[in-house]
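Engineer: Fold the following for me, if possible:
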Amino acid sequence: DGCTLLNNAAVIATFTASFAKLGYDPIADLMPIGGIGITPTLLITASSNPVNDLKGLISASKSKPDGLNFSTAGYGLLQHLAVEEIASRSGGKFTHVAYKGGAQALTDVASGQAQAIFEGLVTLAPQIKAGRIRALAITGERRDSTLPDTPTFAQAGLPAYDAYFWSGLVAPAGTPPEIIRRLNAEIIKGFAQSDVLEALAKQGIEEASGPPEALAALVKAEVPRWAKVIKGAGIKVD
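Structural biologist: Numbers count the residues shown, from 1 in each chain. Model (predicted):
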């Protein structure tokens, strides 16, 4: 009836492949209402690492028998899948090290115990500005104004790669279409307010509202993309 909603992200598209028995179909059992936002993400390494760019990191990973370690806040998350996709497309060799939280995962990269991490811009910005870590590439079609010297993945040598964090609002299947339309209109109305946009910007989120069909198309495109990465890397959450 429009009173039970879910604001969720890429796991809607990834869990279908990473869970053997998910218990629901993210396309058939959920009705898209509209996009909320996207967060630019970065691949980084320690400032002490002699590697200066994406190609250098990939080359260094190939030179070691076990490759390079990359840390994440958890097994099977988008951060994990994003680096696995880089490996599958480039031939790079990376060993995933899952932590119980993002803070320690980032700390170990900054100290050089792990060689790479893939995370959101706001999470990494303080460490980048402090000079503890070096950004190698950022997702998106353009560079971020706060990190003008950091190339996009396409500019760094990996075209058509865009593993950004995204979020959207969905409802249970069967929710009346008129309620979906009303909720979508409210999302768009909210994002027309400057204070809302400013609040999102402080969290590193770019507004990504649109019609329900746009969110549905995104989910349908993401499901096969990540299924290929998950199956290729042998990732199983349960």
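Engineer: Report how many residues lie close to Thr72.
Structural biologist: Other residues near Thr72 number 25, with proximity taken as other CB atoms under 10 Å. Every residue, glycine included, has its C-beta placed from N, CA and C.
Engineer: Could you do Val223 as well?
Structural biologist: If we define neighbours as other CB under 10 Å, then Val223 has 18 of them.
Engineer: Which secondary structure element is home to it?
Structural biologist: helix 212-233 (DSSP states H and E).
Engineer: in this structure, which spans are helices?
Structural biologist: 11-18, 54-62, 78-90, 102-110, 121-129, 177-190, 194-202, 212-233 (DSSP state H).
Engineer: Against which helices or strands is the shortest one packed?
Structural biologist: It refers to helix 11-18. If you count contacts as 3 or more CB pairs under 8 Å, 6 or more residues apart in numbering; DSSP states H and E, helix 11-18 packs onto helix 78-90, helix 212-233.
Engineer: Between those helices, which one is closest to Ala13.
Structural biologist: helix 212-233 (3.5 Å; CB to CB).
Engineer: What are the buried residues along that closest one?
Structural biologist: Of all the residues in helix 212-233, those buried under the rule 16 or more other CB atoms under 10 Å are Pro212, Leu215, Ala216, Leu218, Val219, Glu222, Val223, Trp226, Val229, Ile230, Ala233.
Engineer: Could you tell me how far the spatially closest residue to the first one that is not a sequence neighbour is located from Thr175?
Structural biologist: Using CB to CB, 6 or more residues apart in numbering and skipping residues adjacent in sequence, the residue nearest Pro212 is Pro32, 4.5 Å away. Taking CB to CB, to the nearest Å as the measure, Pro32 and Thr175 are separated by 11 Å.
Engineer: So between those two, which is more surrounded?
Structural biologist: Using other CB under 10 Å as the criterion, Pro32 and Thr175 rank with Pro32 on top: 24 against 19.
Engineer: just the angle between the worst-scoring helix or strand of the chain on mean pLDDT and helix 102-110, please?
Structural biologist: One helix or strand of the chain scores below all others by mean pLDDT, DSSP states H and E: helix 121-129, with a mean of 85. Counting by axes from the mean of the first three to the mean of the last three CA atoms, to 10 degrees, helix 121-129 points 40 degrees away from the direction of helix 102-110.
Engineer: what helices or strands is helix 121-129 leaning on?
Structural biologist: Against helix 121-129 (3+ CB pairs under 8 Å, 6+ apart) you get strand 41-46, helix 102-110, strand 133-138.
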